[in-house]
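Asks: Compute the structure for the input listed below.
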Amino acid sequence: MDTAATGLTFRDATDADVDELVALIESAYRGDESRAGWTTEADILQGQRTDPEGVLAVIKAPDGRLLTVEREGRIVACCQLEHRGDHAYFGMFAVSPRLQGAGLGKVIITEAERLAREAWGATEMHMTVISVRDDLIAWYERRGYRRTGRTTPFPYGDERFGVPQRDDLEFELLVKELVQSPGPVPRQAGPTP
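Replies: All right, here's what the predicted structure looks like:
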């Protein structure tokens, strides 16, 4: 039994979750609290990672959902899923720094991929990662994502996304093919041996 999955509840976020989700996302990526985990961006970006308006926009998006993960009644992780035609977009992924490194992220991304396949028939999952985050990109590569080399500029000057501490930031697109779950094996007609 996967102990990382023990006691987890997955549900869609609601408006009432916004403040708790902002605090979770900030704690996973910014400031000293984020240094307790391995996903911190504190050395490359300061300022905010998101805000209540950004989280609420994801919750209200007509073609998406903000998947919230609870353990013992507390939100411990979240991720955004957005339906974009034949693929889904994965973003706003955060795991409480206290729980990082124990396999929880693997459980969540596997569930997100399953939901994208089953709910939307998505054949690929797309995400963007800051290209200098080698450790994070390597983690996604171990989960089957591949680097595409396709990049988009970091929004320098827009502090809603943080205050860059270096001038070489850009986002790289990572993609994973989502293999459809096999259906039941058809029975062969004819005599049995």
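
Asks: tell me the strands in the chain, going along the chain?
Replies: Applying DSSP state E to the chain gives strands spanning 8-12, 45-46, 64-71, 74-84, 87-95, 124-130, 146-153, 163-164, 170-177.

Asks: now these in CSV, with distance to residue 58?
Replies: Every C-beta, even on glycine, is put in place using the N, C-alpha and C of the backbone. Shown next, in CSV, are the strands of the chain (distance: least, CB to CB, whole Å):
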stretch, distance to residue 58
strand 8-12, 11
strand 45-46, 19
strand 64-71, 5
strand 74-84, 5
strand 87-95, 6
strand 124-130, 14
strand 146-153, 19
strand 163-164, 22
strand 170-177, 17
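
Asks: Residue 25 is nearest to which of those strands?
Replies: For the strands of the chain, proximity to residue 25 was assessed by CB to CB; strand 87-95 is nearest, at 4.5 Å.

Asks: Pull out the buried positions in that closest one.
Replies: By neighbour count on 16 or more other CB atoms under 10 Å, the buried set for strand 87-95 is 87-90, 92-95.

Asks: Also stretch 75-88?
Replies: Buried, per 16+ other CB under 10 Å, within stretch 75-88: 75-83, 87-88.

Asks: As a markdown table, the residues you listed with distance to residue 134 and pLDDT would be great.
Replies: Converted to a markdown table, these look like this (distance: CB to CB, whole Å; pLDDT from 0 to 100):
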| residue | distance to residue 134 | pLDDT |
| --- | --- | --- |
| 75 | 29 | 97 |
| 76 | 26 | 97 |
| 77 | 22 | 97 |
| 78 | 24 | 98 |
| 79 | 21 | 98 |
| 80 | 23 | 98 |
| 81 | 25 | 98 |
| 82 | 26 | 98 |
| 83 | 30 | 97 |
| 87 | 24 | 97 |
| 88 | 25 | 98 |
